[in-house]
Structures are given as C-alpha cells and as structure tokens.
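Trainee: dropping a prediction and its sequence here:
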Amino acid sequence: MRILYPIILLTAFFLAGCQTSQTQSKPGFGGIHGTVTARSHKDVIAKAIDDTSETRTDAYGNEATRGGELVYAKSMINYRKLDEIFVGVIGANPKHGTVHNVEAGHNGFRPHSLALATGDVLHITNTTSHSLTIFLAGTTSDSFDELPVLASGASGDLTVASAGNFELGADEDDHMAAMILARPKMAVKRVPSGKEYEFKDLEPGDYHMIFWYWRLGAMERSVTVKADETVQEDETLAVDRLVR
C-alpha cells in the first residue's frame, strides 16, 4: 500500500495535467469553445511543408524546402501563421463603447483588421511624420465618418456606430487601409490560426457566431448554449470554401 499510494497520486496528477485548458462557466451559465484554422487554396497547400521539415531561405528572402521548391514568397500569405483571425458571438457582449487602440504608421495601420461590437471606439494615433486625414467608410453600406486632420503624434476617436464591414483609411495614402467588422453586442476573441478560443459565462439561449479573417471573409453559424454545458464549435476559413 505504501508503494501504490504515491503511484496513484502521481497518476492522478498526470491525468489532471492532461485535461483540457477550458474552464467552467458559472453555475447556470454555458460556454462555447473550439479551434479556428485558416488555410489557403489546395494548390498552395500542395507547395507547403510541415513546420517540422527543414527549410532554407534563398537570396530573395523566400522560404523554401530542402529540395528547393518554393514554400512562401514575401508577397504570399502564410495562412498557418495568421494571428488576426476573429471569432465573435453576437449578443454575448454586455459592454458598450469599448476602446480599441489603432496605430497609423508608415507601414499602415496596426492592427490590420478588427472585429468589434457596434458602438465601440477606434482610438487612432498618428505615428507618421506627417498629417493624416483618417476616415471610416462602409463597404457594405453608405456610412462614412472622418476625423479632423491628425497632426504627427496626435490622436482621435472614431465610433463604429452601425453594423457592417468598413474600411479604415487615410486620404493622403491609398495604401493605408485596415478592415473593420462590426456586429451588435458581439463578444470577440482574436485567435492565431490553429489555436483554441473560449467564451464562457454565457446566458443559455441561441447565439449567432461569426469566424472572420478579412482576406478570406466570414463563416457564420447558429449555436445553442445550454446551462452548465460547453459547446464545441471548430471552424476552418479557406478560399476554396463558401466564404463571403
């Protein structure tokens, strides 16, 4: 018994460490969790290699396999490494007017994209060396809003007042653009490709979910959350699926 008891304790400790990282919601509430992945078209995947494979970099800075075939050029997107995928649960956000910091710099806006709730605020700081006239224009509506000219180092706020898809841009630079997605009372998680997301403490009921990466579009689905249960919803964003 003295020998078996430590073994039992070690086994229990090991099994506890192997459990999922998901945490429980409050009693009477439910949750949603899952994995979201972005992948490119099948012909691009055919050129890709596993992360464990040996790679090299050519004279132009392109990543290539051991045999020399191209994996990703600088102008291509490495979908497996995307870190601006957004998962939203519409109707799950009780907050209003959350502020999101956006930097307008010489290399464009950071972040490149944002999913948020209607009524949220974009706090924009001009880190370039010149003045910028920054606007928010609807791509799925006629909405338009514009900040007064921001001098270098100055900041200003734009409120995303309506639902839809928007472009954040600057009159002085056509290449400066960020994409914004807004939905009413939407709780949002930003997720790197292949990683898990989690929403907990949700009121039981029906929710609408959206999985979005601005260059691939959005996948949407309906989910029913039950008390004291966690629903698993995995999704893959891909250019060869019905993405809009």
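Mentor: Perfect, I can see it now. From a predicted model like this one, the values you see are computed outputs, not experimental measurements.
Trainee: okay, domains of the chain per the record?
Mentor: For the chain, the structural domains run 24-40+77-92+190-244, 45-76, 95-184, going by automatic domain parsing.
Trainee: now those domains in JSON lines, with mean neighbour count?
Mentor: For glycine as for every other residue, the C-beta is placed from the backbone atoms N, C-alpha and C. Formatted as JSON lines, the entries for the domains of the chain read as follows, by neighbours: other CB atoms under 10 Å:
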{"stretch": "domain 24-40+77-92+190-244", "mean neighbour count": "18"}
{"stretch": "domain 45-76", "mean neighbour count": "11"}
{"stretch": "domain 95-184", "mean neighbour count": "16"}
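Trainee: tell me who's in contact with Gly153.
Mentor: By CB atoms under 8 Å, 6 or more residues apart in numbering, the residues touching Gly153 are 125-127.
Trainee: any stretches of the chain with poor pLDDT?
Mentor: The chain contains residues with pLDDT under 70 at 1-22, 41-77, 240-244.
Trainee: contact partners for the closest residue to Arg39 other than its chain neighbours?
Mentor: Ranked by CB to CB, 6 or more residues apart in numbering and with sequence neighbours excluded, the top spatial neighbour of Arg39 is Ala238, at 4.8 Å. Applying CB under 8 Å, 6+ apart, one finds that Ala238 lies in contact with 38-41, 216.
Trainee: hmm, back to that, tell me which of the contacts of Gly153 fall in strands.
Mentor: When the contacts of Gly153 are checked against strands using DSSP state E, the ones located there are 125-126.
Trainee: the one helix or strand Glu167 maps to packs against which elements?
Mentor: Per DSSP states H and E, Glu167 falls inside strand 164-170. Judged by 3 or more CB pairs under 8 Å, 6 or more residues apart in numbering; DSSP states H and E, strand 164-170 is in contact with strand 134-138, strand 173-183.
Trainee: residues in contact with Thr23?
Mentor: Contacts of Thr23 were listed using CB under 8 Å, 6+ apart, and they are 198, 200.
Trainee: roughly how far apart are it and Glu196?
Mentor: Noted for Thr23: a distance of 12 Å to Glu196, by CB to CB, to the nearest Å.
Trainee: again with Glu103
Mentor: 28 Å.
Trainee: same check, this time on Ser25
Mentor: Between Ser25 and Glu196 the computed distance is 16 Å (CB to CB).
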